[in-house]
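J.: Based on what follows, work out the 3D shape:
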Amino acid sequence: MPPIRKRYHTFDPSSGNNPKTSSAKRLRGGGGDDGGYEEYYEEIEEEPPIIEDAEEQECYEPEPNSSSSSNDNNDNEKSHWSRPSLKPHHLKNDRDIHMQWLDIDMIGREKALSKNPNPHKPVVGSTVGPVPVIRVFGVTDEGHSCSVFVHGFTPYGYFELPEEWNEYFDRNNSHSAVEELREMLNDRIRFGLKHNKVEECVLSVQIVDDRSSILGYDVSSLSKSKKFVKVYVAMPNFVPVLVRVLKDGISLRGMNAVDVQPYECNVPYVLRFMIDREATGAGWLTLPANTYATRTNADQETHCQLEVDICYPEIIPHKAEGEWSKIAPLRILSFDIECQGRPGKFPEAERDPVIQIANSLTVYGEKSPRVKNVFTLKNCLPIVGAQVITSEEEEDVLLKWRTFLQACDADIITGYNVQNFDIPYLLDRADALSKKSKANANKMRPFKLWGRIKGQPAKMRESTFQSAAYGKRNNVDTTIDGRVVFDMLPYMQRNHKLSSYTLNSVSSEFLGQQKEDVHHSIISTLQNGSDEDRHRLAVYCLKDALLPQRLMDKLSVMVNYVEMARVSDVI
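T.: Numbering: from 1, shown residues only. Now for the predicted structure:
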């Protein structure tokens, strides 16, 4: 069975409200102004992981003579960018782990967990593959990044037991009748799956009689319990096939076929896990001591500091009350890029280089940024209070920035129109540079590895949103595994009625600050000028990275969205 990954999109704060790419970037520049199952899931056929050779296993290191900055991309700077280091006791499983989760998805595995990390309990769920595994990414209360692989949660759905079947189940041995039903459903699902090699699609069938149907809003029926059949299947993508089988009609030996009504079969797998475990969005989870297994560096699949395996019943979710209403020390990266466009033309990634990338890294709860830096193409004068990292080649600018992104290990990536411009431009520009030569292609291979999953590049896809309030919007959605992209431009458009949504106008309205006085028409001139000219451009770029972060703090965006996620159980 080919590897699959399903990412759970419960709430995307940046979706559906972005203007088209070109007009939105001009806004920022300061110039003028039923199928519920498939609805929640994005199914991605995974590309083969990028095999990183010895030179690419660590973040790209530029040649010593490729930078003339006052502060180079060395180990001391990486240490300054990084999270708090793990201590030896963090790698043992004799202590509770408390983490606030931010991102969650599902992957398919060919083999089931061989033993329960809790030595006193057996393995839960299926003991044969394939099996679904839930991946949870978050931050501990001590500020360490953490990925949790949750095992044993089996997907399922219900259907109402037909009345004419009650006599059959009463007349025959209940156990044998249930097994007959399981075998019949298993054969039908196997037949309904394309290219299926799984023998046991239906793992078990149970009869439950303590449920009532709310279908049709018949109040009188709520007090009447009915018999339902609970069907456990091997993989979440078998549930829609089960629905089709039920609607086409099923029969038992010697009985007429009957079509039955499925229940709760359109609940996405990850959401079902959250509901059953009463886990709230952006909530706190506790992994009790001695119930999880910590992976060693050699076994880790992610770049997180902590990576653990646990069976789902062991996880303790917390309601957002008392000490669990706090927010973890999340790392928020706000960034901005500048491109050297041609006169009178909007920058195009195929032709126009990225000349500067400015960053502001903030830890939630702290008043000032931990890191402020600018990656520039060609030399630049120092900036007071910020690090300037220069390169003579554009490829080095991009790769040094990617080194920074992995080193700082941001939980949330923000900016102003980063979703529709900055992020797609960087990824497309890397593709354009890779086409120059084979050597360039090899050099740029690690650039797209932005996420927390080793060897998995960031992926873009176009989407369209349409509503009466916002009209039709074309967007670019980027999946960066384990990190959340939160764009401040659509947030402002959705939550505030303003005459202009340029970063300059919005900052003036809410912060009493404005961008630096650099018109987009002179960006190329400044880049081709002196070190002092590029310093002016770098200050402008850095201010554009700082302002979205200040807007986020001023408007309490993080607090509002985390609390909304907790109330609505999604993020």
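
J.: And whichever strand in the chain runs longest, what does it pack against?
T.: Scanning the chain for the longest strand, with DSSP state E as the assignment, gives strand 97-109. The elements that strand 97-109 packs onto, with contact taken as 3 or more CB pairs under 8 Å, 6 or more residues apart in numbering; DSSP states H and E, are strand 4-8, strand 131-140, strand 145-151, helix 269-277, strand 284-287. No exception for glycine: its C-beta is placed from N, CA and C like everyone else's.

J.: Now the longest one: average pLDDT?
T.: Put plainly, it is strand 131-140. Strand 131-140 shows a mean pLDDT of 97.

J.: cool, and stretch 295-315?
T.: Rounded mean pLDDT across stretch 295-315 is 96.

J.: Now do the end-to-end distance for it.
T.: Distance across stretch 295-315, first residue to last, is 17 Å (CA to CA, to the nearest Å).

J.: Then stretch 520-532?
T.: 17 Å.

J.: For residue 168, which residues are in contact?
T.: Neighbour list for residue 168: 177, 252, 255 [criterion: CB atoms under 8 Å, 6 or more residues apart in numbering].

J.: Could you tell me which residues within the strand or helix carrying it count as buried?
T.: Taking DSSP states H and E as the criterion, residue 168 maps to helix 163-171. Buried residues in helix 163-171, defined by neighbour count with 16 or more other CB atoms under 10 Å: 165, 168, 169.

J.: in this protein, which helix has the most residues?
T.: helix 531-554 (DSSP state H).

J.: Output the helix or strand following that helix as PDB - backbone C-alpha positions only.
T.: Next helix or strand after helix 531-554 toward the C-terminus (DSSP H and E): helix 557-568. C-alpha atoms of helix 557-568 as PDB (Å, rounded to 0.1, in the frame of the first residue of the first chain):
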ATOM      1  CA  VAL A 557      -4.300  37.900  17.800                       C
ATOM      2  CA  MET A 558      -2.700  34.800  19.300                       C
ATOM      3  CA  VAL A 559      -4.800  35.000  22.500                       C
ATOM      4  CA  ASN A 560      -8.000  35.400  20.500                       C
ATOM      5  CA  TYR A 561      -7.400  32.600  18.100                       C
ATOM      6  CA  VAL A 562      -6.100  30.200  20.700                       C
ATOM      7  CA  GLU A 563      -9.200  30.800  22.800                       C
ATOM      8  CA  MET A 564     -11.500  30.500  19.800                       C
ATOM      9  CA  ALA A 565      -9.800  27.100  19.000                       C
ATOM     10  CA  ARG A 566     -10.400  26.000  22.500                       C
ATOM     11  CA  VAL A 567     -14.000  26.900  22.500                       C
ATOM     12  CA  SER A 568     -14.800  25.400  19.100                       C
END
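
J.: Could you give the separation of helix 557-568 from the chain centroid?
T.: Centroid separation between helix 557-568 and its chain, computed with CA atoms, centre = their mean, to the nearest Å, is 17 Å.

J.: Need the residues that contact it.
T.: For helix 557-568, using CB under 8 Å, 6+ apart, the contacting residues are 11, 13, 280-283, 320, 327, 330, 332, 364, 412, 486, 488, 491, 551-552, 571.

J.: Could you turn the buried ones of the residues you listed into a PyMOL selection?
T.: Selection of buried members from the contacts of helix 557-568 for PyMOL, criterion 16+ other CB under 10 Å:
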select buried, resi 13+280+281+282+283+320+330+332+364+412+486+488+491+551+552+571
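
J.: Mind checking which of the contacts of helix 557-568 land in helices?
T.: Short answer: the contacts of helix 557-568 in helices (DSSP H) are 488, 491, 551, 552.

J.: sorry, back to before: any idea which of the buried residues of helix 163-171 is the one closest to residue 352?
T.: residue 165 (67.7 Å; CB to CB).

J.: on that earlier part again, from the contacts of residue 168, list just the buried residues.
T.: Buried subset of those (neighbour count, 16+ other CB under 10 Å): 177, 252.

J.: Looking at the contacts of residue 168, which is nearest residue 240?
T.: residue 252 (23.0 Å).

J.: my guess is the closest one is in a strand, correct?
T.: No. Membership of residue 252 in a strand is not supported by DSSP: H, G, I helix; E, B strand; the rest coil, which gives coil.

J.: so who does it touch?
T.: 165, 168, 177, 180, 181, 184.

J.: again, only this time at 7 Å
T.: Going by CB atoms under 7 Å, 6 or more residues apart in numbering, residue 252 touches 165, 168, 180, 181, 184.

J.: list the buried ones in the longest helix of the chain?
T.: 533-553.

J.: so which strand or helix has residue 358?
T.: In this structure, residue 358 is located in strand 354-363 according to DSSP H and E.

J.: Which elements pack onto that strand?
T.: If you count contacts as 3 or more CB pairs under 7 Å, 6 or more residues apart in numbering; DSSP states H and E, strand 354-363 packs onto strand 331-339, strand 371-377, helix 394-408, helix 531-554.

J.: Just send those back as a markdown table, with mean pLDDT and distance to residue 146 too.
T.: Shown next, in a markdown table, are the helices and strands packed on strand 354-363 (pLDDT from 0 to 100; distance: least, CB to CB, whole Å):
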| stretch | mean pLDDT | distance to residue 146 |
| --- | --- | --- |
| strand 331-339 | 98 | 13 |
| strand 371-377 | 97 | 21 |
| helix 394-408 | 97 | 16 |
| helix 531-554 | 97 | 23 |
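
J.: Pull up the per-residue confidence for residue 257.
T.: So residue 257 comes in at 85 (pLDDT).

J.: again, but for the one 3 residues further on
T.: The score at residue 260 is 88. That number is its pLDDT.

J.: mind listing what it touches?
T.: Per CB under 7 Å, 6+ apart, neighbours of residue 260: 159, 160, 162, 246, 250.

J.: If we use 10 Å, what do you get?
T.: 158, 159, 160, 161, 162, 165, 229, 245, 246, 247, 249, 250 (CB atoms under 10 Å, 6 or more residues apart in numbering).

J.: Regarding it, what is its secondary structure?
T.: Using three-state DSSP, the structure places residue 260 in coil.

J.: Check the one 5 residues further on too.
T.: Residue 265 carries the three-state label coil when classified by three-state DSSP.

J.: wait, doesn't it sit right on residue 229?
T.: No. Counting by CB atoms under 10 Å, residue 265 does not reach residue 229; the two are 11.8 Å apart.

J.: Neighbour count for these two, which is higher?
T.: residue 229 (23 against 19; other CB atoms under 10 Å).

J.: Run through the bridge partners of that one.
T.: Counting by DSSP bridges, residue 229 is bridged to residue 159, residue 207.

J.: Surely it is in contact with residue 207?
T.: Yes. Under the criterion of CB under 10 Å, residue 229 makes contact with residue 207 at 6.2 Å.

J.: any common contacting residues for those two?
T.: 161, 165, 178, 181.

J.: what's the burial count for the third one?
T.: Taking other CB under 10 Å as the criterion, the count of residues near residue 178 is 17.

J.: Could you look up the SS state of it?
T.: helix.

J.: Can you name the residues that contact the closest residue to it other than its chain neighbours?
T.: Excluding the flanking residues, the one nearest residue 178 by CB to CB, 6 or more residues apart in numbering is residue 205, at 5.2 Å. Taking CB under 10 Å, 6+ apart as the criterion, residue 205 is in contact with 156, 177-186, 229-232.

J.: Please apply the same query to residue 90.
T.: 84, 97, 140, 142, 144, 146, 294, 305, 306 are the contacts of residue 90 under CB under 10 Å, 6+ apart.

J.: Only the buried subset of the residues you listed, as a PyMOL command please.
T.: Selection of buried members from those for PyMOL, criterion 16+ other CB under 10 Å:
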select buried, resi 97+140+142+144+146+294+305+306
